[in-house]
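# Sharing a sequence plus its predicted fold:
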Amino acid sequence: MNTPNEFLEQQSRRRFLANSAGGIGTVALGTMLASAMEQSASAEVSGGIPGLPHFTPKAKRVICLFQSGGVSHVDLFDDKRALHEYAGKEIPPSVKGDQRLTGMTSRQTEYPVVPPLKPGKHCGESGAWISDLLPHTQTVADHLTFIKTVHTEAINHDPAITFMNTGNQQPGYPSMGAWLSYGLGTDNANLPTFIAMTSQGSGKNPGQPIFSRLWGSGFLPSSHQGVGLRPGANPVLYLANPPGTTREQRRDMLNDLARLNEARAEELGDPETVTRIQAYEMAFRMQMSVPELTDISDESPATLESYGPDVHRPGSYAANCLLARRLTERGVRFVQLYHRGWDQHIALARQLPNQCRDVDQPSAALVKDLAERGLLNETLVLFMTEFGRTTFSQGKLGDPSSGRDHHGRCFTCWMAGGGVKGGFEYGATDDFCYNIAEDPVHLRDLHATLMHSLGIDHERFSYPFRGLNVRLTGVEESHVVNDVFA
Amino acid sequence: MRCVAIFAAAAGWIFAPISVSADEIDFNRDIRPILSQNCFACHGFDDEAREAELRLDISDEAYANRDGVTPIKPGDPAGSEVWQRINSDDTDIVMPPVDSEFRLTDGQKQAIKVWIEQGAEYSAHWSFVPPAKSPLPKVPAGVQAANAIDQFVFARLAAEGLAPSPAADKYTLIRRLTLDLTGLPPSGDAVLAFVKDNSPDAYEDLVDRLLDSQHFGERMALDWLDAARYADTNGFSIDGGRHMWLWRDWVIHAFNTNKPYDEFLVEQIAGDLFPDATPDQLIATGFQRNNMVTHEGGTIPEENLTNYNVDRVKTLGEAVLGLTIGCAQCHDHKYDPLTQKDFYSLFAYFNTLSDVGLDGNGGVNPKPYLQAKTVLQTGEEKQLRRHIARLKERLASPPDKRLTAWEKQQQAELARRDEGLELLPVKLLKVSTPNRGAGYEIDGDRFVHVTQPNGMAAYDVLTKLPTTSQPINGLRVVFHPDDDVPGNGWGYGPKPRARGKQKVKDPQKGSFVLTALSVSVGEVPADQVDLFRLLEAARVTASIWKPENRPENCLDMRNENGWSPPLEHGGPVHLTMTFAEPVNATVTPYLTTQLNFGSGNNLIAARMEIFAMTGADDGSSLTPDVITALENPAARRTEKQQQTIRNYFAAHSPQMERTRIDLANAEERLAVLTREFPTMVMNVAEKPRETFILNRGDYSQPTIPVSMTTPESLPRSSEQQNNRLSLAKWITMPGHPLTARVYVNRVWQMMFGEGIVRTPADFGSQGEWPTHPELLDWLAVDFVESGWDVKALVKQIAMSATYQQSSATSAELLERDPQNRLLARGPRFRMSAELIRDGALKASGLLNDQIGGPSVNPYTPGDLWREISHYGSTPATAQTFVQDHGNKLYRRSLYTFWKRTAPPPNMAAFDAPNRETCVVSRPTTNTPLQALVLLNDVQFVEAARAFAERILLREEDDRSRLQWAMLESLSRPATEKELNILVDAVTRERNRYRDHKKAARALVSVGESPRDLSLSVEEHAAWTQIASTILNLSEVVTRN
């Protein structure tokens, strides 16, 4: 096996040599340049590493709707009769067990059970229970697979969200999107392979902080890190030309630059310069393709309406969901939304409905929109979070300031599209949705399943770093959840 | 000689000798990597993972007959089970197993076979054996070796049938050397002087001069900061600010004063344990305090402390020892002879600190820390004091012309006050605050009423604007006295703090400090202020204020300052923000206001009322005495009144802002050089923690207690092993097999782009085989013999002919040795992020070459921190980005503030790490985002604009100007072809801007540095485009 660097070097060398008839000193780099540019201008550039995908993928692309802060599975997805029977009563010690709690509740003297905030319905064919706080999600239940038994060892935000996104609780590792960018490359050379967007939640503002490492490249080349897409004049940082500079002018300048670079590269025999000229050309194309992407004026009123009123507020979760669809249409491999504000330690009764309102309609609309456009089967949509929340109350029961603490032992994520069954539930928690009763899915299994959907065998997809062949799923055992696939 | 080129492929990615002859088979180079990569995971060092009780990493076990089966029988492949198994077609028998990720290539199998045939000789892993100097190889006739380095490199080349490349020309040499040794390109003048100097010592003189430059220390520090994961924030979770720049100063100073590398390490690892440790030695220990820390509520202190020490051991391993010892945290190392016990024995050295598991909030360093002065002595004080006096003088006697202009402007504004003013009630829709579910309410549709203060808080208030077609020009917040607060005041603070046994009393009159005000509008309601649509303020006024709490303070989003009324004032008080652009309430009817009370101590308002404003504000930010004086015609003013105006003008007018910034920066600089500042250090706790082996690395599963000891499989020192000082002495003992090799390798990497060992953090068996093992060892031994003399090492490399080779190459050589492992040519690589930015600043003439001091915040596209931080909900600093001004915008890039969760984007684009963990080599990518930074980032556009100014100030024709510009930025004369392209471009841009003065003005207005007003705007704009073209050349960002 080659190191990626060697591979890239070979690639560029091969390309370089293939285009040079004789010695570098005599070869017309211009010719080679032209052909290289033609190649990339066609916008169908794959990149990635050889041998991937390992098998026929079900999904080509991923949209990850990351709910930062810890979504309450108890309130939204995992109602149990015992929660009502024991409402206000102490959670049975046999259920609570003696595993560690966070420093926020470990000194509480009482752990009273709190039933879900609102009633819900059994929806769709599977009869999955979904809270009335998520009325739109209820309508797309037949597209969704709920995994009720996701679990993590981390019990606090930083380690937990880092774990969920990079497979490791400590920093330094590549994120899911970076892995896929590295492994699969891109379908559209005019846009970044991996796009990340953030939004503030109405439940709790600011929500827990998030970090660039969550969409970072870790030890992979930094070209695989998620590129931020933001509202405003510079959707991608530094995209806009300086004031007083027209596009035509920029074109002229890039032509000059290419001629100057080309001349020098010939003299020095420097293939890297050729790559740099291509990078400048792609930057120039991005200056067109990105504004075109973020300009939603071509969306029909019906589509806009389906995402809810917030779609008109750039930077909102709804607006980001719509952009996610537009990015997916354009072949962007991995789109990740981070919506903050899911951390209902306090005032759950006030915060949770707001937070749900932020995401419910847009998430459901995204699934429907993808389905209507025939994109859902090739796009895997993941609704995930770093952990769930406790069955018991944090703070005094009934106090408007009370909420729920972090809970990593079991929580719910859902998937849609990408070859995943619709209207399906996987795994089951105990009567108090506090422990796993059957079919546990560690977050590593979730990663393995995600990669499986994209045609990647997680055990055979690694990168040599510090003497190890490091994988997203790490060294512990992990399994694809085959049952979720249709 | 039988050449088996197949081995190149056999060795796979671990190393790639160009060709290996079979009779030179070397276990460490040719066989160990194959076994390590494919076999050791199950048949290696790790007890727990071992399969079939078989070890292949040591000969005794591999040769041993086990029930008639011999894994490896020297000289007899057929009798060796290993060969039988790896060569088998039977999927049940073949090794590595078919279901594993490992596969042997035919070449690798063949290599093992040959090795067994030749006697299957094992040898200890090379890097665990102390280095020795081998005799210097002879170089063939006709090849000129300048020093020992060349003898090793050129002899190897000769063996490969290659010759070294000719020396680079002098233009390239001075550029290469200046970049490598100072991180900056040479000036055009320096280039010409060097080229003209025909003395035989010209090159050596240059090397010496550069080694003496104060920038040498900065260049060397840059790489050490990556290794030591230096940053200005805590890293985890809220990622608040910290103060560690004194340690950075120490590192720069150490390199500049050529502190021997062994002392450099000893002081950083154990400076506090010297008998009479100096403050400098204490500062040095910050090295192992640079790790990330957290104060995330709810995290478990023991777990955090474990993580910190794990990081310290990993960093020590990778940065100093070249060992991936972190792999032994959860189990014995799979490839290297490092046990889990070794890991925790090293862990024990750092587990004695008095650091605590949740610490570092509010911009206060995590303990332990101390106050100290910088070690740097730059001799600037005298000149700074003079500069400060001059600036104060300038403020004391402002230019009359500017003063008069300002007076007129103020008088006009005063006259416009109140014009058409109407205050319209807004409809209160919602109030929220992040960490409270109660304690505030909407009272009677009018008031935001805070009933329970909670130290600090930010309230987001969503309102609907009145239906009016009139433009909404601003907003007013009225703060009413409230019955619930002490003394019927406006707020709850300051919260009384108990002092000793004194009785604690409430304040006589409660008040507040509004630390920040942000406002956004939208078509749809936004519960929280929309960070992407914040309204810009034209001005902020208040009905009244304390002198130190002026109204405009609340436009600075930090917690450190704010607006507050004087207590003696009675009745309601108000603050008014006038928007830069009026708001149309029929288009964007929803207005969200965030009122931030970030001071703490309950300095939170109780009863607030918001109004939309049409017409003009009736307030002024001028003080009443200034207003009175201004309303008096100039001729009738008293001298005292005139002085009042002058003072106010100096202190607050935009016209004098640049001078005020210069003064503040100069005063800060003087303080940096003369006062004490906090920095984190190491110590030993009164009751040091005990260390245990942690099962699976889990803090909650301690098993066997361990004491401080160095790894068993490495040579021990004779010293006692009982504290960090003994650890440091062990690391730096002369015969240590790793320390010198690892550092020599990294200095080599700095100057060649790649190390002799191309896995600089891993000298273990999974690391790459050195491209020139004897050279590495020779350099390492020589380095120790020289007294760990870093400058001598750098000079030795710089003086070699190997280093001075041209990097120009042929297709043939490129194909033969794409990665330049044989060093038949000079190295070429893209410069690091810092060097690219610094180079542009140098060309622009804007570079501020002060060394040391606190980090600075140069241009960034917006407040990227606030978008992801805990702003408004924490006393932590570094939650909102506030840009610096004046000469702080042009400091060298190693001084840029490093926020780990949101590192500076223009540097991250060029592969700068986020400094969360130890990094000893950066990747080098080539991306469109890099192009966007160089083309469009304000920092680079301004640099082009200022560079253009330098070009234009040369009274020459276009061609000569271009010649100068190319020399200045590329360190070489331009070619005719290049000049022709650029001359045409100048003409084109000149024509373009001739009729577009507005566009021209827009371009030359980029950046905050003043421009030379004598230059024609159009001409300046045209040349700015040309300067930008030049600064974007591939060669400018490449070190050739």
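Okay, I see it. Numbering: from 1, shown residues only, chains lettered A, B, ... in the order given.
# Return the nearest residue of the stretch 651-800 of chain B with respect to chain A.
B:Gln766 (2.9 Å; CB to the nearest CB). Yep, even glycine has a C-beta here, placed from its N, CA and C like the rest.
# shaky segments in the chain?
Here I'm looking at chain A. Filtered on pLDDT under 70, chain A yields the residue ranges A:1-46.
# That was the other one, I meant chain B.
B:1-23, B:497-506.
# re earlier: for the residue of the stretch 651-800 of chain B closest to chain A, which non-adjacent residue is closest in space?
Nearest residue to B:Gln766, sequence neighbours excluded (CB to CB, 6 or more residues apart in numbering or on different chains): A:Gly467, at 2.9 Å.
# ok, now which ones touch that neighbour?
Residues in contact with A:Gly467 (CB atoms under 8 Å, 6 or more residues apart in numbering or on different chains) are B:Thr324, B:Cys327, B:Tyr335, B:Asp336, B:Thr759, B:Asp762, B:Gly764, B:Ser765, B:Gln766, B:Gly767.
# The fifth one contacts B:Gly767, doesn't it?
If I follow you right, that is B:Thr759. Yes - with contact defined as CB atoms under 8 Å, B:Thr759 reaches B:Gly767; the gap is 4.1 Å.
# Identify the residue nearest the geometric centre of chain B.
The centre of chain B sits closest to B:Trp898, judged by CA atoms, centre = their mean, with a distance of 4.4 Å.
# how near is the closest residue to chain B within the stretch 351-486 of chain A to B:Gly615?
Residue of the stretch 351-486 of chain A nearest chain B, by CB to the nearest CB: A:Gly467 (2.9 Å). Using CB to CB, to the nearest Å, A:Gly467 is found at 71 Å from B:Gly615.
# ditto for B:Met799
Applying CB to CB, the value for B:Met799 to B:Gly615 is 76 Å.
# next one: A:His345
For A:His345 relative to B:Gly615 (CB to CB), the value is 45 Å.
# thinking again about what came up before, if we only consider the contacts of A:Gly467, which is nearest to B:Pro135?
B:Pro135 lies nearest to B:Gly767 out of these, by CB to CB, at 25.9 Å.
# Report how many residues lie close to that closest one.
Number of residues near B:Gly767 (other CB atoms under 10 Å in any protein chain shown) recorded here: 27.
# That one reaches B:Val757, doesn't it?
Yes - the criterion here is CB under 8 Å, and B:Gly767 meets it with B:Val757 at 6.2 Å.
# what residues are shared contacts of those two?
B:Gly322.
# follow-up on the earlier one: A:His345 and B:Gly615: which has the busier surroundings?
Neighbour count, other CB under 10 Å: between A:His345 and B:Gly615, A:His345 has more, with 26 against 17.
# And the residue of chain B that's closest to chain A?
B:Gly437 (2.2 Å).
# Assumed A:Val74 was part of a helix.
Yes - assessed by DSSP: H, G, I helix; E, B strand; the rest coil, A:Val74 belongs to a helix.
# if I pick it, what's in contact with it?
Contacts for A:Val74 (CB under 8 Å, 6+ apart) come out as A:Leu83, A:Val114, A:Pro116, A:Gly388, A:Arg389, A:Thr390, A:Thr391, A:Arg404, A:Cys433.
# The residue of chain A found nearest chain B - how many residues pack around it?
Residue nearest to chain B within chain A: A:Ala347 (2.2 Å; CB to the nearest CB). Number of residues near A:Ala347 (other CB under 10 Å) recorded here: 23.
# Which residue is the nearest non-sequential neighbour of it?
The spatial neighbour of A:Ala347 that comes closest, neighbours along the chain excluded (CB to CB, 6+ apart), is B:Gly437 at 2.2 Å.
# Wasn't that neighbour part of a helix?
No - assigned with three-state DSSP, B:Gly437 falls outside any helix and is coil.
# What parts of the stretch 251-400 of chain B come near chain A?
With the criterion set to CB under 8 Å from any CB of the partner chain, the stretch 251-400 of chain B comes near chain A through B:292, B:294, B:296-300, B:307, B:310-311, B:318, B:324, B:326-327, B:334-336, B:358.
# and with 6 Å instead?
Within the stretch 251-400 of chain B, the positions adjacent to chain A are B:Glu296, B:Gly298, B:Thr299, B:Thr324, B:Tyr335 by CB under 6 Å from any CB of the partner chain.
# Report all helices and strands that the longest strand along chain B contacts.
If you go by DSSP state E, chain B has its longest strand at strand B:573-583. Judged by 3 or more CB pairs under 6 Å, 6 or more residues apart in numbering or on different chains; DSSP states H and E, strand B:573-583 is in contact with strand B:472-479, strand B:537-542.
# Taking strand B:472-479 as reference, get the angle to the next helix or strand after it.
Note on strand B:573-583: by DSSP states H and E, the next helix or strand toward the C-terminus is strand B:590-597. Here the directions of strand B:590-597 and strand B:472-479 differ by 40 degrees (axes from the mean of the first three to the mean of the last three CA atoms, to 10 degrees).
# Strand B:590-597 - contacts with which helices or strands?
Against strand B:590-597 (3+ CB pairs under 6 Å, 6+ apart) you get strand B:457-464, strand B:516-522.
# try 8 Å
strand B:457-464, strand B:472-479, strand B:516-522, strand B:607-614 (3 or more CB pairs under 8 Å, 6 or more residues apart in numbering or on different chains; DSSP states H and E).
# okay, those in CSV with distance to B:Val94 and mean neighbour count next?
Shown next, in CSV, are the helices and strands packed on strand B:590-597 (distance: least, CB to CB, whole Å; neighbours: other CB atoms under 10 Å in any protein chain shown):
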stretch, distance to B:Val94, mean neighbour count
strand B:457-464, 65, 23
strand B:472-479, 77, 24
strand B:516-522, 66, 23
strand B:607-614, 77, 22
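# Make TSV out of those strands and add distance to A:Tyr182.
Formatted as TSV, the helices and strands packed on strand B:590-597 follow (distance: least, CB to CB, whole Å):
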stretch	distance to A:Tyr182
strand B:457-464	40
strand B:472-479	49
strand B:516-522	38
strand B:607-614	50
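# now those in TSV, with distance to chain A?
Formatted as TSV, the helices and strands packed on strand B:590-597 follow (distance: least, CB to the nearest CB, whole Å):
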stretch	distance to chain A
strand B:457-464	6
strand B:472-479	19
strand B:516-522	6
strand B:607-614	18
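# Of the ones you listed, which is nearest B:Arg821?
Here strand B:516-522 is closest among these (CB to CB), at 55.8 Å.
# What are the contacting residues of that closest one?
A:312-313, B:458, B:465, B:475, B:477, B:526, B:529-531, B:533-535, B:540, B:554-559, B:562, B:575, B:577, B:579, B:583, B:588-596, B:598.
# Show me just the buried residues among those residues.
A:313, B:458, B:465, B:475, B:477, B:526, B:529-531, B:533-535, B:540, B:554, B:557-559, B:562, B:575, B:577, B:579, B:583, B:588-596, B:598 (16 or more other CB atoms under 10 Å in any protein chain shown).
# List the buried residues for the stretch of helix or strand B:Arg386 belongs to?
Per DSSP H and E: B:Arg386 is located in helix B:381-396. For helix B:381-396, the neighbour count (16+ other CB under 10 Å) marks B:Leu384, B:His387, B:Ile388, B:Leu391, B:Arg394, B:Leu395 as buried.
# how about these in TSV, adding distance to A:Leu380?
Below are these laid out as TSV (distance: CB to CB, whole Å):
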residue	distance to A:Leu380
B:Leu384	60
B:His387	62
B:Ile388	62
B:Leu391	61
B:Arg394	64
B:Leu395	63
